[in-house]
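Novice: below are the sequence and a predicted model for it; my questions follow.
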Amino acid sequence: MPKEYPRKLRINAQLQRELTDLIRDELTDPRVKGVTVTAVDASPDLRNAKVYVSVLALDAKVEEAVAALKHASNFLHNSLGRRLRMRYVPHLHFVADKAIVEGSRINKLIRDAVSQDKSHARERGDDSSDT
């Protein structure tokens, strides 16, 4: 596993904050409404950065938002250049963050399995109220 450097971590956090503000305040495209920047991962040389975004809606909306953000990436890059004091502003690569959707799906599967186990236990007469 590559070593994470404190400077890179600080830059990731700063990029996440600034991009969140820019997307919320500066972009007027309706496809990016409700977009959340969940993480930023800059490359070790700080020339490129993967920006993970999510929308608390359907998966198709996330893909639309990523497409809109890719379209606005030059504007966001230039705006970051004016806001940050960095020699090079990373080139932004937007990626849909499916972790929230996948976590919800797994949580639902676990709840369903637990409820099925309880119903099977009741059918067998093993109804134990301590679990």
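Specialist: Looks like it arrived, so ask away.
Novice: please enumerate the helices of the chain.
Specialist: 6-25, 59-71, 73-83, 99-124 (DSSP state H).
Novice: ramachandran angles for D29?
Specialist: phi -60, psi 130 (degrees, to the nearest 10).
Novice: sorry, back to before: just say which of the helices of the chain is most tucked in.
Specialist: Among the helices of the chain, ranked by average contacts under mean count of other C-beta atoms under 10 Å, first place goes to helix 59-71 (a mean of 17). Placement of C-beta: from N, CA and C, glycine included.
Novice: show residues contacting that one.
Specialist: 23, 27, 29, 31-32, 35, 51, 53-55, 76, 92, 94-98, 101 (C-beta atoms under 8 Å, 6 or more residues apart in numbering).
Novice: give me the mean pLDDT for it.
Specialist: Regarding helix 59-71, the rounded mean pLDDT is 85.
Novice: who's sitting farthest from the centroid in the chain?
Specialist: G125 (45.0 Å; C-alpha atoms, centre = their mean).
Novice: and that residue, how far from S115?
Specialist: 18 Å (C-beta to C-beta, to the nearest Å).
Novice: next: R31.
Specialist: Distance from R31 to S115, by C-beta to C-beta: 37 Å.
Novice: ok, now Q16?
Specialist: 38 Å.
Novice: what about T36, how many neighbours?
Specialist: By other C-beta atoms under 10 Å, the residues close to T36 number 15.
Novice: likewise for the one 3 residues further on?
Specialist: When neighbours are counted by other C-beta under 10 Å, A39 registers 16.
Novice: residues contacting it?
Specialist: Counted by C-beta under 8 Å, 6+ apart, A39 has contacts N12, Q16, V51, Y52, D97.
Novice: check the gap between it and R83 for me.
Specialist: Distance of A39 to R83, given as C-beta to C-beta: 19 Å.
Novice: if we can go back for a sec, out of the helices of the chain, which comes closest to D45?
Specialist: helix 6-25 (9.9 Å; C-beta to C-beta).
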